[in-house]
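A.B. asks: Dropping the sequence and predicted coords here.
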Amino acid sequence: MLPRAKGKHSYMKMLVAVKKDEGALSPSETFLRLHITKVTGVVDGLIGNPGKRRFHYSGASLMPQNLAYKVVKNLTRMVAGENHYFSDSRVLARYLTKHNIDIVLAEYGSTAVEVMDACRLAKVKLVAHFHGWDAYADEMLAQYGQAYTRLFEQAAHIIAVSRHMQAQLESLGCPAHKITVNPCGADISDTLERTGQTTQVRDFIIVGRLTPKKAPLVSLEAFHRILRTTADARLHIIGDGPLMAPCEEYVKQHGLAQQVIFHGAQGHDYVIEKLQQSDCFLQHSVVAPNGDHEGTPVSVLEAMLLGLPTIATRHAGINDVITHQQTGFMVDEHDIDEMTAQMQFVIDNPAVAFAIGQAARKHVLANHTAGINIMNIEKMLSSLR
């Protein structure tokens, strides 16, 4: 067992760990970057898969990458097995001890599983932050389900981003008293609002990865129906993903190239500008075929903070942030008829729609900003002293 070094710092020193193939955060992962750069006590982020993790600020590798080190590591593994001096867990444990880290905040359950042995060796508290697919997707539960049992025993605390996820984690065996529900927050200035006109609703917008749980084809078909009564409506789609090609094919097949504009994957500033110029935000989230669910979609919160009327599904964490006809409009999953009806309602009643958009803005500013998300994390972490 590695000894725990005694630091003299007055605050809890923390490392944020993120499992990622690329070894670096993508531009869209603003909530992860916020946790690394804004949460008090975080000294760095460690991003990547075991053996290939890199530090957020310097880009340096946790594991030496020279050939001689790799040869020695492989030879040691052959003799001693996986639990050897040069293993990823032991190298990370030595880093945690050397730098007097008190807490590892692991973003995603899979990350927490892969760092929990290092935390145990270094006698460092582990907090696991679940986000969505890691708590729901069939393939994730098949791969990590048994390890989650160990994680729930070892972890000092678990963060869920919705009440629905809290119930899911409890069903997987996590003790209720270990779970804090803390939705992600909108990371945009509270001075920003819609800049578009306020007399009619014509420009609809979708933002996000085009994946099965976003069901973009449902929103696209509902929009197509809207064109029968509102020929000058437009739909902007920002994002990329496996359902991009089917969406493009639908547009081509039905001759909608002038009404549907594909923007592709874009940076955060571009997204915010397009949201400001739009009239209504669409988010038709559903349970994916593999069981995947949303957490609490940041794009929904950002649209609401800007004052956009939002039409979304009664799905997972969305239920925590939208109240039907008070802070947005809700429909059941896969209900194209009701999706179309709600879109027609905001077109026919722009004053009501924009008033609800303003109510949504006030609700998010009071409850779901990035600052509130960080404050809640810091409050939870302080309780672990």
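C.D. replies: Structure's in. What do you need?
A.B. asks: Only C-alpha atoms from now on, for both contacts and neighbour counts.
C.D. replies: Noted.
A.B. asks: beta partners of Phe204?
C.D. replies: Leu235, Cys280 (DSSP bridges).
A.B. asks: Let me know the distance separating Trp276 from Ile347.
C.D. replies: Just so we're on the same page, residue 276 is Gln rather than Trp. Distance of Gln276 to Ile347, computed by CA to CA, to the nearest Å: 18 Å.
A.B. asks: the more surrounded of these two?
C.D. replies: Using other CA atoms under 10 Å as the criterion, Gln276 and Ile347 rank with Ile347 on top: 23 against 18.
A.B. asks: dump the residue contacts of the more buried one.
C.D. replies: Contacts for Ile347 (CA atoms under 8 Å, 6 or more residues apart in numbering) come out as Gln200, Val201, Arg202.
A.B. asks: By neighbour count, which of those wins?
C.D. replies: Most surrounded of the contacts of Ile347: other CA under 10 Å gives Val201, at 26 neighbours.
A.B. asks: who are the neighbours in contact with that residue?
C.D. replies: So Val201 contacts Asp279, Cys280, Val346, Ile347, Pro350 (CA under 8 Å, 6+ apart).
A.B. asks: Columns distance to Asn100 on top of those, output as TSV?
C.D. replies: Listed next are the contacts of Val201 as TSV, based on distance: CA to CA, whole Å:
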residue	distance to Asn100
Asp279	50
Cys280	49
Val346	55
Ile347	58
Pro350	56
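A.B. asks: For Leu301, state which of those is nearest.
C.D. replies: Cys280 (13.1 Å; CA to CA).
A.B. asks: how far does stretch 143-161 sit from the chain's center?
C.D. replies: 18 Å (CA atoms, centre = their mean, to the nearest Å).
A.B. asks: What is whichever strand or helix holds Ala135 packed up against?
C.D. replies: Using DSSP states H and E, Ala135 sits within helix 133-136. Using 3 or more CA pairs under 8 Å, 6 or more residues apart in numbering; DSSP states H and E as the contact test, the elements touching helix 133-136 are helix 109-122, helix 138-154, helix 163-171.
A.B. asks: per-residue confidence for the residue nearest to Leu192 when sequence neighbours are not counted?
C.D. replies: In space, and not counting its chain neighbours, Leu192 is closest to Leu306: 6.3 Å by CA to CA, 6 or more residues apart in numbering. For Leu306, the model assigns a pLDDT of 98.
A.B. asks: which residues touch Leu306?
C.D. replies: Contacts of Leu306 (CA under 8 Å, 6+ apart): Leu192, Glu193, Arg194, Leu275, Gln276, Arg361.
A.B. asks: same thing but at 10 Å, please
C.D. replies: Neighbour list for Leu306: 186, 188-195, 272, 275-276, 357-358, 360-362, 364-365 [criterion: CA atoms under 10 Å, 6 or more residues apart in numbering].
A.B. asks: Just those residues: which are in helices?
C.D. replies: Per DSSP state H, helices hold the following members of those: Ile272, Leu275, Gln276, Gly357, Gln358, Ala360, Arg361, Lys362, Val364, Leu365.
A.B. asks: residue contacts, the fifth one?
C.D. replies: The reference is to Gln358. 193-194, 304-309, 326-328, 352, 364.
A.B. asks: Whichever of the residues you listed end up buried, select them in PyMOL.
C.D. replies: To isolate the buried members of the contacts of Gln358 in PyMOL, using 16 or more other CA atoms under 10 Å:
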select buried, resi 193+194+304+305+306+307+308+309+327+328+364
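A.B. asks: about what we covered before: hey, which of the helices and strands packed on helix 133-136 is tucked in deepest?
C.D. replies: For these, average neighbour numbers computed from mean count of other CA atoms under 10 Å are highest in helix 109-122, which has a mean of 23.
A.B. asks: just checking, Glu180 touches Ala167?
C.D. replies: For residue 180 the amino acid is Thr, not Glu. No: Thr180 lies out of contact with Ala167 (CA atoms under 10 Å); the separation is 11.4 Å.
A.B. asks: Which parts of this protein belong to which domain?
C.D. replies: 14-185+370-382, 203-367 (automatic domain parsing).
A.B. asks: you'd agree Arg90 is up against Leu62?
C.D. replies: No: Arg90 is not in contact with Leu62 according to CA under 10 Å; the separation is 11.2 Å.
A.B. asks: Which parts of the protein are strands?
C.D. replies: 14-18, 42-47, 54-55, 103-107, 125-129, 157-160, 179-181, 203-207, 234-238, 260-264, 280-283, 310-313, 329-331 (DSSP state E).
A.B. asks: As JSON lines, the ones you listed with mean pLDDT would be great.
C.D. replies: Shown next, in JSON lines, are those (pLDDT from 0 to 100):
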{"stretch": "strand 14-18", "mean pLDDT": "97"}
{"stretch": "strand 42-47", "mean pLDDT": "96"}
{"stretch": "strand 54-55", "mean pLDDT": "94"}
{"stretch": "strand 103-107", "mean pLDDT": "98"}
{"stretch": "strand 125-129", "mean pLDDT": "98"}
{"stretch": "strand 157-160", "mean pLDDT": "98"}
{"stretch": "strand 179-181", "mean pLDDT": "98"}
{"stretch": "strand 203-207", "mean pLDDT": "98"}
{"stretch": "strand 234-238", "mean pLDDT": "98"}
{"stretch": "strand 260-264", "mean pLDDT": "98"}
{"stretch": "strand 280-283", "mean pLDDT": "98"}
{"stretch": "strand 310-313", "mean pLDDT": "98"}
{"stretch": "strand 329-331", "mean pLDDT": "98"}
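A.B. asks: Take the ones you listed and lay them out in a markdown table including mean neighbour count and distance to Arg225.
C.D. replies: Shown next, in a markdown table, are the strands of the chain (neighbours: other CA atoms under 10 Å; distance: least, CA to CA, whole Å):
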| stretch | mean neighbour count | distance to Arg225 |
| --- | --- | --- |
| strand 14-18 | 26 | 42 |
| strand 42-47 | 23 | 44 |
| strand 54-55 | 21 | 48 |
| strand 103-107 | 25 | 40 |
| strand 125-129 | 24 | 40 |
| strand 157-160 | 26 | 37 |
| strand 179-181 | 19 | 38 |
| strand 203-207 | 24 | 13 |
| strand 234-238 | 23 | 12 |
| strand 260-264 | 17 | 13 |
| strand 280-283 | 26 | 15 |
| strand 310-313 | 26 | 16 |
| strand 329-331 | 22 | 16 |
